[in-house]
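Enquirer: got a predicted structure plus its sequence, pasted below:
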Amino acid sequence: MAPPNPNRVVLPTNVTPSHYTLTITPDFKEFTFRGYVEIDININEPTKTIQINTKELTLKWGRVEIDEKTHEAVETTFDEHRDTTTFTFESELPKGPAKLSIYYDGILNDKMAGFYRSSYKDAEGNTKYMGVTQFEATDARRAFPCWDEPSVKATFSIKLCVPSELTALSNMPVEQITAVEPEEMTYHFEKTPVMSTYLIAWAVGDFEYTETTTTKLKNPVVCRVYTLPGLKEQGRFALEITPKILEYFSEIFGTDYPLPKLDQIAVPDFDMGAMENWGLVTYRTVALLFDEKTSDLRFKEQVASTVAHELAHQWFGNLVTMEWWDHLWLNEGFATWVGTLAVDHLFPEWDTWSTFVVADVQRGIALDSLRSSHPIEVPVNDPHEIHQIFDAISYSKGASVIRMLSNWLTVDVFLAGIRRYLKRHEYQNATSDDLWTALSEESKIDVGEFMKTWTRVIGVPILNVTESDGVITVEQHRYLSTNDVKPEDDETVWWIPLGVAPKPASIADPNQTLKTRSLQFEVAEGAYIFNKDYSSLFRTNYPATAITNIGKAISDGSDLVGLTDRAGLVADISSLAKSGHMPTRNFLDLVQYYKGEETYIVWELLAARVGEIASIFSDNERVYEGMRHFQRTLVDHMVQKLGWEFPEGEDYLTSRLRNVILRTAGRAGHEATVAEAKRRFAIFVSDPSQESILHPSIRQTAFEIVLTNGGEEEFQHVVKYFKNAPKQDQQVLALLSLGFVQEKNLISQVLELAISEFVRPQDITYALAGLSTNPASRRQTWEWTKTNWEKLSERYKSSMSILGACV
């Protein structure tokens, strides 16, 4: 492992911890907690000072015991910027083992960081609270004094003193419960394995759960899904897939899940989508709970992918942890890739890898095509910088690069390298280079050299393709969505798996890896494509003749252009039209060849990209109306084919497709679609017994259409639905649709609603997402955001991901 970066803001290494014994007592009336921690430490060199991380904690006292002799701290100083407390002792502490003990008080805050409170309404409408933790990246220090760095691992024994009517959970199983007094119980949890502070977790509240157990592991793992009262049945789907995913990962990673239990809990107020705390995974409610009868189908796939992602971390991140935050991408990118692998294993009929191409791959390229992007592997010196890299580069581009690498090596070889890596570094820390070493040993290929430009250099390439008498010339450059690459931007030469099909005989390398600026080769007459199955990470700038030939192949149903290829072609050509690398008409001409398209994956991207071009021209009435006419013509036959009803036993992807078609038709002003949405909405709001008239999977679309084509009355109906919706996923779809109101005063009301007590702070992004998609509200929303920036910054200063999403 390389030596640590001397510029990092980290604690001194004169003292290191080996074990924490932690006792936490929350007070749900005063929103505070008491804490007491005993830390077994090793004094690595004689010292008069011990420095640890703390934030928003009030330390009562600190003392050190060495050989039964007590050393009281004579001075305690706190550095607010560095989040550190330094204990100074009168005499020098000798080298060797010792015990550091600290009493302190903390705040049970409402900032979704550290040990915080989350509110909800009980069956009688009373406000209740649960307590839960969120420590990644550096918020364990808000809950207990610690060495809050991923490489400073230790074991933990946790005790929670809670009101007797509540339940307490932590990373490990309960060892025993003791009664402190009639109204208070202490939960003693088993000692954890060696682990990082950011993965410690606990939760306290009135919970119920469903339970199952793995059947294929040597040591059975008890799996539970915890919810607030009345919601446990919505956890059934997550519970059903959890043991299957644990067993699948145990098999492909060559190491069984190492803990005796796995709890997952839905939290009403939650900053991120989920958090992989070892043995106690926490989730935003919509990322864990799903109701087969009332939930939009898209949430089912979201639950599956989120659960798989978090369970992947139990090995990749928890068992083997990144050495420092520079390597965050490895945690998140790998979990995204292998989580997709698991969902595809469980639900092959969902065509998850194609969804990955239209979602994650495109998100990663979109952000990386900005000049303001950053490399996947970016140096992080100060913990205050960490939140900046929890983005689509770390997650989506990271996962896309890993998919490219796994396809280049073959998935079997790649997973064999992963097993080697996990076994070598289990319960320790590792870097990206450690993974490349394991993969190189397994594949006998220099993986580090291949990955260097993909992880340590900013940007993605564009391949400019030209034709001359059957000879193809391909030349790589950096791709910027602003189409203004300067010489200093364009110095990288990537190693690019070209994926040309049909495979040219004149390319000798079986992996077709472009390692130079340009390459020439011959192709047979007819259609050819680059990036077969969209396995690599680049944009392809085809000449017009090639686009025409590919379009004809699509019309003819040729096997050359598979499902993922058709989606990838839409992504590339539309992006290059938007960036000015080719005329917009090239993309619109290509779309004509998709008239026979009937797959959800392609339509999802096709509709979005045509809609995006229409939206760009929304201020030009003539062009905008022309684009809307184009959209109506494009979807008309599919509207007639699919209709509004969901037949019993219909396949998942067709059900998803219906919503895409109706949404596109509605936004384009398709008369029959608008009329039917209004008719069904009127029945829906006037007769509660007719709720099924708007299937949950098209309810948001129907709301959006009537709000776009209605006024105050429709607005009030949807606001009422939002406020009365019993489930958070129903509230989410209502918030998204409310953004499509047209009148300025209604837009203002939606903006005020977004920061009102009725909308959880985490859910503001749903309201802003609708408003920013709606051409009528976009500018007003941006002005409102700028006007309210100080308020938003203060509100989300502990949730920077949400603040970024607002922008």
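Expert: Looks like it came in fine. Numbering: from 1, shown residues only.

Enquirer: can you tell me the helix or strand for residue 65?
Expert: Using DSSP states H and E, residue 65 sits in strand 57-66.

Enquirer: mind giving me the packing neighbours of the next helix or strand after that strand?
Expert: From strand 57-66 onward toward the C-terminus, using DSSP H and E, the following helix or strand is strand 69-79. Packing partners of strand 69-79 (3 or more CB pairs under 8 Å, 6 or more residues apart in numbering; DSSP states H and E): strand 57-66, strand 84-93. Every residue, glycine included, has its C-beta placed from N, CA and C.

Enquirer: who's in contact with stretch 483-495?
Expert: Under the criterion CB atoms under 8 Å, 6 or more residues apart in numbering, residues 371, 449-450, 453-454, 457, 459, 461, 476-480, 513-517, 538, 579-581 lie in contact with stretch 483-495.

Enquirer: which parts of that stretch are buried?
Expert: With burial defined by 16 or more other CB atoms under 10 Å, the residues of stretch 483-495 counted as buried are 490, 492-495.

Enquirer: quick one: mean pLDDT for it?
Expert: Across stretch 483-495, pLDDT averages out at 94.

Enquirer: any chance you could give me it in CSV, C-alpha atoms only?
Expert: In CSV, the C-alpha atoms belonging to stretch 483-495 read as follows (Å, rounded to 0.1, in the frame of the first residue of the first chain):
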residue,chain,number,x,y,z
ASN,A,483,-18.3,21.2,-28.0
ASP,A,484,-15.4,23.6,-27.3
VAL,A,485,-12.5,21.3,-26.5
LYS,A,486,-9.1,23.2,-26.3
PRO,A,487,-5.7,21.6,-27.0
GLU,A,488,-5.0,21.5,-23.3
ASP,A,489,-8.3,19.6,-22.7
ASP,A,490,-7.4,17.0,-25.4
GLU,A,491,-4.1,15.4,-24.3
THR,A,492,-5.4,12.0,-23.1
VAL,A,493,-5.3,8.9,-25.2
TRP,A,494,-7.6,6.3,-23.6
TRP,A,495,-7.4,2.6,-24.0
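
Enquirer: how about the contacts made by residue 691?
Expert: So residue 691 contacts residue 684 (CB under 8 Å, 6+ apart).

Enquirer: try residue 30
Expert: Contacts of residue 30 (CB under 8 Å, 6+ apart): none.

Enquirer: so it lies in a strand, does it not?
Expert: No: using DSSP: H, G, I helix; E, B strand; the rest coil, the assignment for residue 30 is coil, not a strand.

Enquirer: which phi and psi does the closest residue in space to residue 450 that isn't next to it in sequence have?
Expert: The shortest distance from residue 450 to any non-neighbouring residue, by CB to CB, 6 or more residues apart in numbering, is to residue 495 (5.1 Å). Dihedral pair for residue 495: phi -90, psi 110, per degrees, to the nearest 10.

Enquirer: same question, the one 4 residues further on
Expert: Backbone geometry at residue 499, expressed as degrees, to the nearest 10, gives phi 60, psi 40.

Enquirer: going forward can the numbers begin at 28, since that is how I track them
Expert: Happy to do that; since the first residue is 28 now, the last one works out to residue 526.

Enquirer: might you list the low-confidence residue ranges for the chain?
Expert: Low-confidence segments of the chain, defined by pLDDT under 70: 28-31.

Enquirer: switch the cut-off to 80
Expert: 28-33, 410-417, 753, 825-828 (pLDDT under 80).

Enquirer: longest helix anywhere in it?
Expert: helix 648-669 (DSSP state H).

Enquirer: can you get me a residue count around residue 657?
Expert: Per other CB atoms under 10 Å, the neighbour tally for residue 657 reads 16.
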